[in-house]
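>>> How does the following fold in three dimensions:
(chains A and B)
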2 protein chains.
Amino acid sequence: LVKRDVIRVVTPGTILETNMLEEGKNNFIASLYAGKGGYGCAFADISTGEVRACQVEGDVQCLKSELGRFSPSEVLLGGELAGGGSLEDGLRAFLKERLGCVVSGFDFSSVSKQECAEVLPAQFGAQNLELLSLADKPQLQIALCALLRYLGETQQRGLECLNTLDLYSGEDYMNLDLTACRNLELIRTLRAGEKRGSLLWVLDHTHTAMGKRLLRQWVEKPLLSPTRISKRLNAVGELYDNTMLLGECEEALSDVFDLERLMSRIVYGNASPRELKSLEYTARRLPQLRGLLGECRAQYLRDIYRDLDTLDDVADLVGRAVSDEPPIALKDGGVIKAGFDQNLDELRSLVSGAKGFIAGIESGERERTGIKNLKIGYNRVFGYYIEVTKSYLELVPETYIRKQTLANCERYITDELKELENKIFTATEQIERVEQELYQRVRGEVCKNLSRIQRSAGLVARLDVFCSFARVSLSGGYCRPQVDLSGTIEIKEGRHPVVELMVKSTPFVSNDVYLDMNQNRIAIITGPNMAGKSTYMRMTALIVLMAQIGCFVPARSANLSIVDGIYTRVGASDDLTTGQSTFMVEMSEVAEILKSATKNSLIILDEIGRGTSTFDGMSIARAVVEYIADKRRLGAKTMFATHYHELTALEEDLEGVKNYNIAVKRQGENVIFLRRIVPGGADDSYGIYVSKLAGIPDPVIQRAGVILRSLEAGDAPSSHKRKRPAEPEADQIVIRQSDDSEIVR
Amino acid sequence: LVKRDVIRVVTPGTILETNMLEEGKNNFIASLYAGKGGYGCAFADISTGEVRACQVEGDVQCLKSELGRFSPSEVLLGGELAGGGSLEDGLRAFLKERLGCVVSGFDFSSVSKQECAEVLPAQFGAQNLELLSLADKPQLQIALCALLRYLGETQQRGLECLNTLDLYSGEDYMNLDLTACRNLELIRTLRAGEKRGSLLWVLDHTHTAMGKRLLRQWVEKPLLSPTRISKRLNAVGELYDNTMLLGECEEALSDVFDLERLMSRIVYGNASPRELKSLEYTARRLPQLRGLLGECRAQYLRDIYRDLDTLDDVADLVGRAVSDEPPIALKDGGVIKAGFDQNLDELRSLVSGAKGFIAGIESGERERTGIKNLKIGYNRVFGYYIEVTKSYLELVPETYIRKQTLANCERYITDELKELENKIFTATEQIERVEQELYQRVRGEVCKNLSRIQRSAGLVARLDVFCSFARVSLSGGYCRPQVDLSGTIEIKEGRHPVVELMVKSTPFVSNDVYLDMNQNRIAIITGPNMAGKSTYMRMTALIVLMAQIGCFVPARSANLSIVDGIYTRVGASDDLTTGQSTFMVEMSEVAEILKSATKNSLIILDEIGRGTSTFDGMSIARAVVEYIADKRRLGAKTMFATHYHELTALEEDLEGVKNYNIAVKRQGENVIFLRRIVPGGADDSYGIYVSKLAGIPDPVIQRAGVILRSLEAGDAPSSHKRKRPAEPEADQIVIRQSDDSEIVR
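Next up, the predicted model:
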């Protein structure tokens, strides 16, 4: 019996098979450990060799945001997170329902301090825990150590790929929870869950799989430091200004393979000869790519120029060793190039010589025997044979040994033929063995350069993302934002980056935004449906976010103060089966925002208080705005779209509140929605007009008009004066009352 | 050069590969033709052999409902539907965005009357078009004919499977549009799009793939005829009462393979020997299955007993011909059973005899030559050889012919061995050919019985669905509904079939429903959030639907008048990128309902008029209710949940309107939601309580309370008197104001 050992356990977080992985998305496995004083969070992608880790202070909400950003496919839970209490239950539900990821079992209690102190420095190539900056993070040590042990146990081999620890701090990045990511459609759309229609879709002009993954990481982790943002913008700006350089970089990048995943597969021994060869092709492009950056001024581009290792020796090695068009499988042969190994070359010429000799035998025997149609053939079962048709049988010499009789001919062998065949067969077996050995030697050499190759891959990814930002900024006519800590957000002629690309039939109407720390903290936006309130607020959030990841923004100009978080409350659908009502979901999200946001945050509220009775909803909406507006309590910059026109009264009562509405133009019976934001509260929501447009029968429309007039005349729910909005200039949507009325453009 | 003809074009609608098809779902291709006087709609599933067709009168909306029900993966458009106008554009957008199906090109104008008259009777086995009931449906003729031609051209072979035309009329089935199917979560859930949590998930206790598909068809096509419904209920009832019979049927069904798709693959020549064999296994179960029904009284069960062909001859043929554990691929050999064909048996014994003889040679030669370790081996390259280690070389006789030299031994052949090898090789080739021929002959015989097998498959599917209904009715404690045309819907202690299964932590609170054609046409439901308004309304719709597909219902008793359609308006999410606002979507759906519903329909409205300003929304909601309540205009049975408490005034103004609300129990500061529906309007929506529960900070809650009191005291939006709801008995959710207050059970 053959002893069969488990050689590898494949779990959702440890997939290496290229066809099971999404190219533009990391496949992380997470290890979370909660102890006194914080959470240790470690994330690894063994398909790319990335390890990121962070010590999270604060409550479980921060942990969830972190998880949402990495969206791991598998998680290990330890310490208080595996305590069986409500903390674990809640986290497990979140992991399963929101992230759809698997929780695998692992016993964290078996991880000792001793083990951490031994394993971690060895893995990440440092003398001790201090040098890894892990000494003061005991929870993180355990999380990391558990993760490495789990991976070692499932993979049953070394984890050489995971040699660099990327330790980051939550304070480096904008607070962006899963709800905001979803609502702003950063990675995929809300309805269809597709990339098309998301911000990532707009920004992604990358040419490499590494760039694609890095871009996604950046979109989910906007920066907080104006200096780092400006450095990214400088790099993007230089490529933006020098379109020739940009084009050349893009061209060079488009020939670059997925170095990170390639290396993982090579290290783990799963790479085919073709994959090994593609490492060479990619390395060959690096000198040219690096050369392009020699004259750059932006620091981040200069850094790439300085640090990009062009891996010439690796390329040379593979170039010399592996044939130019190797087969997919090693055992198919022909993998090692001629000239690389003398022994192999000799064996090969032996085989080809023998084969040539066989061809020679054919003509020789034909002449010798006089059998004109004598031919030498080969088949898998009988090997080489001489074939003679029945009509020539009397000419067959005695030395021929009959091997097979067919309907129309006989097949023979001779001693000479057999000897040659023997030689060929023996040499072929040897060739196979020698090729195997040589290939493993080359692979081993390549693996020794793992960290150099990983570093180059990382730099290529950065350049790719800078190019992608420059390209979308050029093609979209974006401007470079001014980023500072002034507290003021001022956007001139801003556009929604996604909507302007999706809806091409009508030109997108740009709008201005002005929010500051004083008189313009809260914008209350009223106005008719379909006129663009949601688009306006989302545009603001997306422009702020784009600036903080280092991209230009769709506007004429933008002065943007850094925000420490973006919070959103937008729509919601019933989740009947879990027993949560729309209103409960809505209020939970509002509560979360009020707890997490600071005066430096940006809050987007699209209709709150709608899932309850009119008075209740209005009261809650007003109390929330008052709370946010109160500088002692919160004082965050806020955009609030509402159908409670009654709330426009707050402008007079509260400092920092300003009313805005969507301009509308009336022409006789026609109503034109202009999609332009103007100061002041709305005077009408045009709900009945829209209903008519939607096809509600005329009797209903007429009756609704009568009811509306009596409501407005009789018992108005609040008595404050309404302001008329400023008269608009441009115009957009036309609602015709009848077909013969004039069409307005 | 080999001439390569296209042998088959695989399109989304013509997939036969089992692994690309969903087991419980048909894969339809549709052909639609619009001409004067109506639409011809033809649907075919070539993987199961079903052809359904319908002539649709009425507008394009009916066509869309029909398409929604079949949800084809590929569509052909002809006549006015391919005219390039707005009709085509709208339909194409619907097909692409709502159904996600492909529109393939086909030139309908090439289909002549002549072709229809020739092709259709021939395909469906009738003398002429009259006998197919197609003579008066010219549009449908063209749609069918085009579909058959398209399938013939892509498949490049006969369409023997599609031999039965199932012609139905739209008047046979309940009007159920795509919006209602989605909102009621019949097939999948709204949020996650999963089967788990849908009505189908609750009802599906089927044991066969055919039953699974039929169940899905039934759920999407509830019946209108009380007689047909009662017959189905009788069948379900008999199985429900006779649990022994039910269990036996289920056991027999669970061994039945997917006969429909199996037969399609056999006919198209794609079936593996194993698949052919599984046809036998299934047929062998049929006599037992049929036998179980011999004593049944319900007509539909007796019909199955009478009509079920147990296919004994087919089972016998396959049983005799195909081995009991055949290989997956025909070329692996061993497919045909010993004893089936004398010639094959002889060839096989020849091979096995020769192989035995070779074994004999080994011991014979050992003895003869004195080479103790002489052995006979076989390899693919050299065939049979005699192996002698180096130490015995001097004992090798001269008659041995050296074939190969290895490091440690030499390999030889002898004339005797060669002759045997030759025999084996030649016979093996013959065996392969004979097996192929025999297999094709058996397959051909099976195909001749296609329509008998299809008929049996259909009957098995019906029985499977009846069993599934009986099983869920038993395990869920359902009752048999009384179905009539009285105009009254009366449900006692009804439960929501899905929610009661999903939320197991708390017992489901049942509720009564009473709607009729007179004083109780419209139920206006107010009350707090999370208290179950949506669940109550959906429960009603689902119970009505379940009864009309022939299933028992989750209630103590139910007297249900047939409804001709169920219409819903529930929630909606923004679709920013296509430029449609929430409110526009909402109003379009309301308009569609007002146009399509009749006085015999059931309408479910969950919050309308919320996407606009308070007054506009209230006016529209009221006008819509007035319109529906008006018997001259519509007069449909309607359930309307609203947060506009102001609408409860309608009870006094309009005939047929009744107010309901969700019972609430106050105990000091605590509020208990009882989830029980009671007559009367709500006095409070408890929005602020819920907000507190959701975690909104205390200052906001307190301030909202102050604002609410001033709103109620000052400018109340409407002045009608509010009724207090009846005092409830049971209780459910407890909201505690503070931790030390008493807990109420």
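
>>> which stretch of helix or strand covers the residue of the stretch 101-250 of chain A found nearest chain B?
In the stretch 101-250 of chain A, the residue found nearest to chain B is residue A:197; the distance is 4.9 Å by C-beta to the nearest C-beta. Just so you know, the C-beta spots here come from the backbone N, C-alpha and C atoms, and that holds for glycine as well. If you go by DSSP states H and E, residue A:197 is not part of any helix or strand.

>>> and if you look at residue A:297?
Following DSSP H and E, there is no helix or strand that holds residue A:297.

>>> and it, how many neighbours?
Residue crowding around residue A:297 was assessed by other C-beta atoms under 10 Å in any protein chain shown; the count is 11.

>>> Wait, it touches residue A:239, no?
No. Look at residue A:297 against residue A:239 with C-beta atoms under 8 Å: they stay out of range, at 11.4 Å.

>>> got the CA positions of the host helix or strand of residue A:566 in CSV?
Assessed by DSSP H and E, residue A:566 sits inside strand A:566-570. Output of strand A:566-570 as CSV, limited to C-alpha atoms (Å, rounded to 0.1, in the frame of the first residue of the first chain):
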residue,chain,number,x,y,z
ILE,A,566,-17.1,60.0,5.5
TYR,A,567,-20.4,58.7,6.9
THR,A,568,-23.5,58.0,4.9
ARG,A,569,-27.2,57.3,5.5
VAL,A,570,-28.8,56.5,2.2
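
>>> Report the inter-axis angle for the helix or strand following that strand versus strand A:566-570.
For strand A:566-570, the following helix or strand on the C-terminal side (DSSP H and E) is helix A:582-596. For helix A:582-596 against strand A:566-570, the angle by axes from the mean of the first three to the mean of the last three C-alpha atoms, to 10 degrees is 170 degrees.

>>> residues touching the residue of the stretch 101-250 of chain A closest to chain B, list them.
A:185, A:189, A:498, A:502, B:577 (C-beta atoms under 8 Å, 6 or more residues apart in numbering or on different chains).

>>> Quick check, central residue of chain A?
residue A:216 (3.5 Å; C-alpha atoms, centre = their mean).

>>> Tell me the backbone dihedrals of it, please.
Phi and psi for residue A:216, reported as degrees, to the nearest 10, are phi -60, psi -40.

>>> Whichever strand or helix holds residue A:615 near chain B at all?
Under the criterion of DSSP H and E, residue A:615 resides in helix A:614-629. Yes. Against chain B, helix A:614-629 shows contacts by C-beta under 8 Å from any C-beta of the partner chain at A:614-620, A:622-624, A:626-627.

>>> for chain A, which spans come out with low pLDDT?
Within chain A, the stretches with pLDDT under 70 are A:1-7, A:380-382, A:529-531, A:571-581, A:669, A:685, A:714-745.

>>> Just give me the longest helix of it.
Secondary structure assigned by DSSP state H gives helix A:415-448 as the longest helix of chain A.

>>> and for stretch A:698-707, what are the contacting residues?
Stretch A:698-707 is contacted by residues A:688, A:691-692, B:594, B:616, B:618-620, B:622-624, B:626-627, B:633 when judged by C-beta under 8 Å, 6+ apart.

>>> so residue A:549 makes contact with residue A:223?
Yes. Contact between residue A:549 and residue A:223 holds when scored by C-beta under 8 Å: they sit 6.9 Å apart.

>>> For the two, list the residues in contact with both.
residue A:232.

>>> and the angle for the strand holding residue A:566 with helix A:614-629?
Using the same axes, to 10 degrees: strand A:566-570 against helix A:614-629 is 170 degrees.

>>> For the residue nearest to the centre of chain A, give me its contacts.
If you count contacts by C-beta under 8 Å, 6+ apart, residue A:216 has them with A:24-26, A:187, A:200.

>>> Which two among these are spaced furthest apart?
By the measure C-beta to C-beta, A:26 and A:200 form the most distant pair in these, at 13.5 Å.

>>> ok so, going back, just send the contacts of stretch A:698-707 back as TSV, with neighbour count too.
Shown next, in TSV, are these (neighbours: other C-beta atoms under 10 Å in any protein chain shown):
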residue	neighbour count
A:688	25
A:691	31
A:692	21
B:594	21
B:616	29
B:618	25
B:619	28
B:620	29
B:622	26
B:623	25
B:624	29
B:626	20
B:627	20
B:633	15
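
>>> farthest-separated two in those?
B:616 and B:633 (21.8 Å).

>>> Residue A:371 and chain B: what is the separation?
Distance of residue A:371 to chain B, given as C-beta to the nearest C-beta, to the nearest Å: 21 Å.

>>> now residue A:544: how far from chain B?
Counting by C-beta to the nearest C-beta - residue A:544 and chain B are separated by 18 Å.

>>> following the helix or strand encompassing that residue, which helix or strand shows up next?
In the assignment (DSSP H and E), residue A:544 maps to helix A:533-549. Reading on from helix A:533-549 to the C-terminus, the next helix or strand found by DSSP H and E is strand A:557-561.

>>> Just want the angle from that next one to helix A:533-549.
70 degrees.

>>> Who are the packing partners of strand A:557-561?
strand A:482-484, strand A:489-494, helix A:533-549 (3 or more C-beta pairs under 8 Å, 6 or more residues apart in numbering or on different chains; DSSP states H and E).

>>> cutoff 6 Å now
Counting contacts by 3 or more C-beta pairs under 6 Å, 6 or more residues apart in numbering or on different chains; DSSP states H and E, strand A:557-561 packs against strand A:482-484, strand A:489-494.

>>> As TSV, those with distance to residue B:162 and mean neighbour count would be great.
Output for the helices and strands packed on strand A:557-561, formatted as TSV (distance: least, C-beta to C-beta, whole Å; neighbours: other C-beta atoms under 10 Å in any protein chain shown):
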stretch	distance to residue B:162	mean neighbour count
strand A:482-484	66	18
strand A:489-494	58	20
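
>>> picking that back up, any idea which of the contacts of residue A:216 is closest to residue A:385?
Using C-beta to C-beta, these come closest to residue A:385 at residue A:24, 55.3 Å.

>>> That closest one: neighbouring residues, count only.
Residue A:24: 18 surrounding residues under other C-beta under 10 Å.

>>> so it touches residue A:210, yeah?
No. Applying C-beta atoms under 6 Å, one finds residue A:24 not in contact with residue A:210, separated by 9.6 Å.

>>> Next, the contact list for residue A:659, please.
Neighbouring residues of residue A:659 by C-beta atoms under 6 Å, 6 or more residues apart in numbering or on different chains: A:524, A:648, A:651, A:680-681.

>>> Next, give me the two most distant ones among those residues.
A:524 and A:680 (10.5 Å).

>>> who has more neighbours, these two?
In this view residue A:524 and residue A:680 are compared by other C-beta under 10 Å, and residue A:524 has more residues nearby, 26 against 19.

>>> Each with direction, which strands does the helix or strand containing that one pair with?
Residue A:524 is part of strand A:522-526 when elements are defined by DSSP H and E. Sheet pairing for strand A:522-526, assigned by DSSP bridges, gives strand A:637-641 (parallel), strand A:657-667 (parallel).
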